[in-house]
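>>> Turn this into a model:
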Amino acid sequence: MPFCTQCGREVAGSAAFCGNCGARQTPSTGPATGPIPPGPAPDPLAGMSPRAAAILCYIPNPFGGIASVIVLASRKFKGDHNVRFHAFQGLYLFAVWLLLTWAGPVMDSGSAHFLRADHLLEAFLLGVSIFMMIKASHEETYVLPIIGELAKRSATE
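Predicted structure coming up:
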């Protein structure tokens with residue numbers, strides 16, 4: 001006899017509602033052991049190619065870090081060293097952008113002109129992101145100075 005999906009009490013096999021709590025019963029209730037446990041959640045990146053995943057890792061800020069974290073968390077790319085490298089490098093590039101965003105106003109607090117140093121550095125980081133998207137689209141592994149070496153070490157661990 002199946003059990004209620006809400007309260008766990010026994011319900012008749014053909015009952016649409018639980019006699020105890022009134023919860024609607026779904027056909028997914030199992031035999032006398034209770035509800036059927038859910039299977040593993042499907043991987044949202046299961047249909048994505050490694051090339052597309054590598055490109056997504058360099059989405060310009062402020063959303064770049066999110067795509068990299070999703071790629072790193074994906075089961076599909078857990079063993080793909082190249083995609084993991086791009087994900088870590090994109091994540092570290094995002095971290096540099098965050099540091100610049102937080103420290104930028106402090107760097108040019110007395111500056112009143114249009115071309116502040118933090119704005120120029122942000123434009124440079126945008127250019128680096130676009131450059132890396134192009135490299136990833138050609139399936140080339142380009143190691144950026146400093147953060148690229150960190151990404152290589154992180155991807156191998």
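>>> Domain-wise, how is this protein divided?
As assigned by automatic domain parsing, the chain contains the domains 1-39, 50-156.
>>> Could you dump these into CSV with mean pLDDT added?
Output for those, formatted as CSV (pLDDT from 0 to 100):
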stretch, mean pLDDT
domain 1-39, 70
domain 50-156, 86
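>>> most neighbours per residue, which of these?
Compared across these, domain 50-156 shows the largest average neighbour count, a mean of 16 (mean count of other Cβ atoms under 10 Å). To be clear about C-beta, it is placed using only N, CA and C from the backbone, and glycine gets the same treatment.
>>> Work out the gap between that one and the centre of the chain.
14 Å (Cα atoms, centre = their mean, to the nearest Å).
>>> Quick check, central residue of the protein?
residue 70 (1.5 Å; Cα atoms, centre = their mean).
>>> So that one lies in a helix, does it not?
Yes: assigned with DSSP: H, G, I helix; E, B strand; the rest coil, residue 70 falls within a helix.
>>> what's near enough to touch it?
44, 45 (Cβ atoms under 8 Å, 6 or more residues apart in numbering).
>>> secondary structure element for residue 43?
Counting by DSSP states H and E, there is no helix or strand that carries residue 43.
>>> So the residue lying closest to it once chain neighbours are set aside versus residue 128, what's the distance?
With Cβ to Cβ, 6 or more residues apart in numbering as the criterion, residue 43 has its nearest non-adjacent residue at 4.9 Å, and that residue is residue 75. Look at residue 75 and residue 128: by Cβ to Cβ, to the nearest Å, they are 29 Å apart.
>>> Helices of the protein, start to end?
Secondary structure of the chain (DSSP state H): helices located at 50-56, 64-73, 81-107, 117-137, 147-156.
>>> would a markdown table of these with distance to residue 26 be doable?
Converted to a markdown table, the helices of the chain look like this (distance: least, Cβ to Cβ, whole Å):
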| stretch | distance to residue 26 |
| --- | --- |
| helix 50-56 | 35 |
| helix 64-73 | 29 |
| helix 81-107 | 38 |
| helix 117-137 | 44 |
| helix 147-156 | 43 |
